[in-house]
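*Asks:* what's the 3D shape of this:
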Amino acid sequence: MYKSKKLAQQLRQHIENGKWSLHSKLPSLREQAQNSGLSLMTVMNAYQELEAQGLIYSKEKSGYFVAQSASGQNSQASALLSHHTKIEINSVVFKYLKSIQTQDVIPFGSAFPDPELLSPAKLLQILSQMARHRKNYDQYSNLPPGNAALRQVIAQRYQIQGIAAHADDIVISSGGLDALNLSLQALTQPGDYILLQQNTFYGAWQAAERLGLKVITIAEHPQYGFDLNAFEHLLQQYPIKVCWFMLNAQNPVGFTVRFEIKAKIAELLHQYQVCLIEDDVYEELYYGANKPVPMKYFDQDNLILHCSSFSKTLGAGFRVGWVHAGKYSEHIQHLQLMSTISSHTLIQNALVEFVSSHHYEKHLRQIRRRLQKNKRLFADYLKQYLSCCCEIYDDANGYFLWIKLPIHINSFDLYQQLMMYQISVAPSSLFNLFDTKQHHIRINCSFEWSQTVEKALDIVVQCIQNFKAER
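*Replies:* As a prediction, this is how the structure comes out:
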């Protein structure tokens, strides 16, 4: 046994035996090295192993502390603690996105709705008319925080939902991911702990890797999507600086968290004074009569930064996002000036006219109806052939289906097999770093039903059944 592993085992026993209580400080690396007679590097490796197991946590310039009893870990609050040097997802995401970019691939793995549903004719008409006038290219209004009229329109849409908002609270960004990244950068320092959902949009993992953050994850509740008990447990156990959650039409699983659960989440954020970055890019793609409220609705202390985008309702060509940043607005603007600035002035001007008119709401109603119909056809078809061996998560929002495969089927292997037929699906390795949780796929169901779609789904079904039979 390596010396570091032996030391880690001894320290684990001390924690189990109660030698160190919850949140008590462990001997420093140098003290532990002197006491044990081991090298400083050996002690560091032992501490990092315990940290990766979620038994201890570190504070910058303060040392290591006990996170929880090794014998009393809450199974409901199962957490994966990843030291930032072990988050290596950027290369995986890059290779995946490159592989599905060709036009020949049937894009069940895409994160965007079917382009045929987006880019409404009226918006393109407005854009064409504005392009003839040079004033619409004025770059000064392109500087942070972005077009004043567009920020006012967005603020008004918040107000309709009962959320306090002023144009000065809004910062326009180059898409939803840009808004999320800027928000995370504004709220954290390297080495900080952040809390993610166990299955989460890969952009969150990429941002954590880039910023040198330590990640704890919270598993989905099997019934409600979000586990409040596990959430409070983690807030008590770890010095979490920021949470990054998607609670409406969550990507990739698809659930929407109930109103009363969101209210309780906000209470816990207030109690523990932890910030939340809310990823709500699918906020308009709901199927019921009432639009689900964002977490920002419950914000008590300006602890919630709400991020969204037009790209999921108007297409990738209109990749204009924003963050309701409140008191963090100026800080985010400073970060923008050193990176992406804002989206193109012409597009921002066109959005002002389109979104403030009845045309946008009409467009939203149309795409909701079509997405709901398409998702129902996909779900019914796949349930007909896969219910015997797979669990299909089918929530009444958005356009994704999350499919749990038989446990022995690795979703990345299935993805590679399907790519031989020019069909993409999104494997769970894009969303989850647990080695034991790699038997899920996400399927984009936004596409109009056709013979091509049906044939492709036939191949997906057949490949799953073949993998199952091989077992």
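
*Asks:* Which elements pack onto the strand or helix carrying I194?
*Replies:* According to DSSP states H and E, I194 maps onto strand 193-197. Here strand 193-197 touches helix 202-211, strand 214-218, strand 240-245, going by 3 or more C-beta pairs under 8 Å, 6 or more residues apart in numbering; DSSP states H and E. Yep, even glycine has a C-beta here, placed from its N, CA and C like the rest.

*Asks:* buried residues in the longest one?
*Replies:* Under the neighbour-count criterion of 16 or more other C-beta atoms under 10 Å, helix 202-211 has Y202, G203, A204, W205, Q206, A207, A208, E209, L211 buried.

*Asks:* How about the contacts made by the fifth one?
*Replies:* Residues near Q206 by C-beta atoms under 8 Å, 6 or more residues apart in numbering: I89, N90, V93.

*Asks:* After the helix or strand hosting L414, heading C-terminal, what element do we hit next?
*Replies:* Per DSSP H and E, L414 falls inside helix 411-419. The C-terminal neighbour of helix 411-419 among helices and strands, as given by DSSP H and E, is strand 423-424.

*Asks:* quick one on the thing from earlier: closest to N374 out of the helices and strands packed on strand 193-197?
*Replies:* Smallest distance to N374 across these (C-beta to C-beta): 23.8 Å, for helix 202-211.

*Asks:* relative orientation of that closest one and strand 240-245 in degrees?
*Replies:* 150 degrees (axes from the mean of the first three to the mean of the last three C-alpha atoms, to 10 degrees).

*Asks:* Look at I170 and say how many residues are nearby.
*Replies:* Per other C-beta atoms under 10 Å, the neighbour tally for I170 reads 26.

*Asks:* didn't it look like it was pressed against I154?
*Replies:* Yes. The criterion here is C-beta atoms under 8 Å, and I170 meets it with I154 at 5.2 Å.

*Asks:* Which neighbours do the two have in common?
*Replies:* W322, H324.

*Asks:* who touches D394 in this structure?
*Replies:* By C-beta under 8 Å, 6+ apart, the neighbours of D394 are G254, K375, A379, K383, L401.

*Asks:* Which two of the buried residues of helix 202-211 have the greatest separation?
*Replies:* Y202 and L211 (14.9 Å).

*Asks:* in stretch 406-422, what counts as buried?
*Replies:* Under 16+ other C-beta under 10 Å, the buried positions of stretch 406-422 are I409, N410, S411, F412, L414, Y415, Q417, L418, M419.

*Asks:* ah, wrong one, I meant stretch 162-180
*Replies:* Those would be 163, 165, 167, 169-180, for stretch 162-180 by 16+ other C-beta under 10 Å.

*Asks:* Work out the gap between it and the centre of the chain.
*Replies:* 17 Å (C-alpha atoms, centre = their mean, to the nearest Å).

*Asks:* Going forward, count from 145.
*Replies:* Fine by me, first position is 145 from now on; the one you just mentioned is stretch 306-324.

*Asks:* That stretch spans what distance, first to last residue?
*Replies:* 23 Å (C-alpha to C-alpha, to the nearest Å).

*Asks:* And for stretch 429-448?
*Replies:* End to end - C-alpha to C-alpha - stretch 429-448 spans 21 Å.

*Asks:* Now find how far off-centre that stretch is within its chain.
*Replies:* Worked out by C-alpha atoms, centre = their mean, stretch 429-448 lies 16 Å from the chain centre.

*Asks:* can you give me the helices in the stretch 345-494 of the chain?
*Replies:* Residue ranges of the helices in the stretch 345-494 of the chain, as given by DSSP state H, counting those that start in this stretch, are 346-355, 372-381, 403-416, 455-458, 473-481, 489-499.

*Asks:* Please state the offset of the first one from the chain centre?
*Replies:* Centroid separation between helix 346-355 and its chain, computed with C-alpha atoms, centre = their mean, is 10 Å.
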